[in-house]
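Asks: can't give you the sequence, but here's the structure:
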């Protein structure tokens with residue numbers, strides 16, 4: 001009985017993987033609107049009944065495709081962070097790890113079709129609110145963690161505290177908590193990274209865009225007195 005359950009689970013995983021892979025390929029090649037569920041089922045070599053057994057409709061399958069893409073981006077960022085950690089990057093170098101995470105994001109988004117799926121089609125098909133929830137679960141979560149590490153480093157935190165308390169040269173936001181500042185910076189940096197990915201995907205030379213992203217991260221994480 002236990003062996004049978006494993007076999008059923010493996011069969012389910014294989015079918016869902018085939019459907020997601022086929023759907024992704026067709027969504028990228030033809031676009032969401034021009035892709036039909038019969039085409040997806042044929043490409044995945046399953047019946048339409050099998051498709052509708054696993055997914056309610058084409059939109060539900062598209063959501064699975066987008067979630068898989070978002071998870072792959074987050075995994076690439078986290079893998080690069082772990083590699084940097086194994087290489088001996090220490091806590092005071094958290095800013096360098098954040099820069100590496102930004103580069104990992106752009107590398108991950110360079111996979112053909114991914115930028116369009118995540119940044120163009122997902123908001124259009126799922127709605128901006130649902131697309132934002134997915135982003136918050138994956139890439140934006142990794143960005144917030146990286147920012148937290150960089151801004152929580154002792155030197156950066158000591159420099160930031162006067163501004164957060166209303167001292168220094170802060171003209172606005174003098175009542176912000178550290179978490180408020182972190183959430184806002186995460187949201188704005190995430191938007192900047194997305195815009196960079198869109199620009200590169202549209203044909204903008206990647207080298208200056210990548211250099212600008214690195215500079216942006218460096219300036220955000222720099223102590224206030226040096227900005």
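Replies: That came through fine. Remember, it's a predicted structure, so these values are computed and weren't measured experimentally.

Asks: What's the local residue count around residue 188?
Replies: 12 (other Cβ atoms under 10 Å). Every residue, glycine included, has its C-beta placed from N, CA and C.

Asks: for the residue most central in space within the chain, what are its contacts?
Replies: Closest residue to the average C-alpha location of the chain: residue 139 at 2.5 Å, with Cα atoms, centre = their mean. Counting by Cβ atoms under 8 Å, 6 or more residues apart in numbering, residue 139 touches 70, 73-74, 77, 105, 190, 193.

Asks: 6 Å instead, please
Replies: The contact partners of residue 139, taken as Cβ atoms under 6 Å, 6 or more residues apart in numbering, are 73-74.

Asks: Dihedrals phi and psi, it?
Replies: Note on residue 139: its backbone torsions stand at phi -60, psi -40 [degrees, to the nearest 10].

Asks: what's the distance between it and residue 176?
Replies: Counting by Cβ to Cβ, to the nearest Å, the gap from residue 139 to residue 176 is 24 Å.

Asks: Ok, residue 149 next?
Replies: For residue 149 relative to residue 176 (Cβ to Cβ), the value is 19 Å.

Asks: quick one: buried residues of the helix or strand harbouring residue 95?
Replies: Taking DSSP states H and E as the definition, one finds residue 95 inside helix 94-109. When neighbours are counted by 16 or more other Cβ atoms under 10 Å, the buried residues of helix 94-109 are found to be 94-106, 108-109.

Asks: same question, stretch 203-212
Replies: So stretch 203-212, judged by 16+ other Cβ under 10 Å, has buried residues 206, 209-210.

Asks: hmm, who's touching it?
Replies: Contact partners of stretch 203-212, identified using Cβ under 6 Å, 6+ apart, comprise 196, 199-200.
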